[in-house]
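Undergrad: quick check, what structure comes out for this input:
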Amino acid sequence: MQALSYTQEYYLCASNGKRNLYSTDVACLLAGGIAELRAHGYITRAEKDKLVAGKPWDGALPYLAPLYEVIVSLKRPQTAGEIAVNYSGKATKQLIAALGDSLVIAGCADETSKKGLLGEKTVYVPDEQAVKQAVNKIRAAFLESESMVDGQALYLAALLESGGLIRNYFSKFEADTMKKRIKELRKSEAYASIRETLDELEEHIAAIVVIIAAST
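TA: Predicted coordinates for the structure are as follows:
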């Protein structure tokens, strides 16, 4: 299996055993995607909390191409919430399909079709071992070690907490321990650069959830 980003791993955990993703899942995927695009320089902060396209697309993150294309098409810098306005119906399906395809290529999911009221629908079924691998990475980082927590594990744990999925994979004691440690790490100067991304993830998720809820 290929190494995955935290946005891809969140998709694995969120879609595991579900027929459809919830609105909070979509919000976390958008927030995670925005954070990844920012980290790789594809989008940048233009002013305050507004985002704009950065460097040209080179195909390095194919699963985020639909998100990048939407941001590039915007005529002015937009907040994460404003970007989410453009993510209804077709755009969301394109992003989910790109993520699903990337997981199939990575050997972490299978593509299948299901019949629905509107015809056949493509469904991506996560590989059980890939889901366990993502969850065990977090468990090892937060619950089995006192060493530095890898940024990827920290971002995934934060997304699972924000998306309300952390109790799907961890006991109450484990989840509470992880939440406490995340708070502690955010106060540490050693995690200053990571803290900025965590803060942005939370801000973006909160803004996007409001937009998605208002449009449904």
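Undergrad: quick one: the strands in this protein?
TA: 43-47, 50-53, 109-116, 119-126 (DSSP state E).
Undergrad: what lies in contact with the second one?
TA: Strand 50-53 is touched from outside by 34, 38, 42-46, 68, 71-72, 74, 76-80, 83, with contacts defined as C-beta atoms under 8 Å, 6 or more residues apart in numbering. Every C-beta, even on glycine, is put in place using the N, C-alpha and C of the backbone.
Undergrad: least trustworthy helix or strand in the chain by mean pLDDT?
TA: Lowest on mean pLDDT, DSSP states H and E among the helices and strands of the chain sits strand 109-116, with a mean of 82.
Undergrad: what lines up beside that strand in the sheet?
TA: Note on strand 109-116: by DSSP bridges, its sheet partners are strand 119-126 (antiparallel).
Undergrad: distance from the partner strand to the middle of the chain?
TA: 20 Å (C-alpha atoms, centre = their mean, to the nearest Å).
Undergrad: show the average pLDDT along that strand.
TA: Averaged across strand 119-126, the pLDDT comes to 84.
Undergrad: tell me how many other residues surround residue 184.
TA: 10 (other C-beta atoms under 10 Å).
Undergrad: swap that for residue 71, please
TA: For residue 71, the neighbour count with other C-beta under 10 Å is 21.
Undergrad: for residue 87, see how far away it is.
TA: 11 Å (C-beta to C-beta, to the nearest Å).
Undergrad: do the same with residue 156
TA: Distance, residue 156 to residue 87, using C-beta to C-beta: 21 Å.
Undergrad: can you show me the helices along the protein?
TA: 6-15, 23-39, 65-73, 80-85, 90-105, 128-143, 151-162, 166-169, 172-187, 192-215 (DSSP state H).
Undergrad: which stretch in the ones you listed has the least confidence?
TA: Among the helices of the chain, helix 192-215 carries the lowest mean pLDDT, a mean of 84.
Undergrad: tilt between that helix and helix 90-105?
TA: Angular relation of helix 192-215 and helix 90-105 on a 0 to 180 degree scale: 130 degrees, by axes from the mean of the first three to the mean of the last three C-alpha atoms, to 10 degrees.
Undergrad: what separates helix 192-215 from the chain centre, distance-wise?
TA: Distance, centroid of helix 192-215 to centroid of chain: 11 Å (C-alpha atoms, centre = their mean).
Undergrad: what's the angle from that helix to helix 172-187?
TA: Going by the same axes, to 10 degrees, helix 192-215 makes 120 degrees with helix 172-187.
Undergrad: what's the neighbour count on residue 147?
TA: Residue 147, neighbours per other C-beta under 10 Å, totals 7.
Undergrad: all numbers from here: first residue = 51
TA: Sure, I'll start numbering at 51, so the last one becomes residue 197.
Undergrad: which residues touch the least confident helix or strand of the chain?
TA: Contacts to strand 159-166, defined as C-beta under 8 Å, 6+ apart, come from residues 62, 150-151, 153-154, 170-177, 180.
Undergrad: picking that back up, comparing residue 206 and residue 137, which residue is more hemmed in?
TA: residue 206 (26 against 23).
Undergrad: no further queries at this time; thank you.
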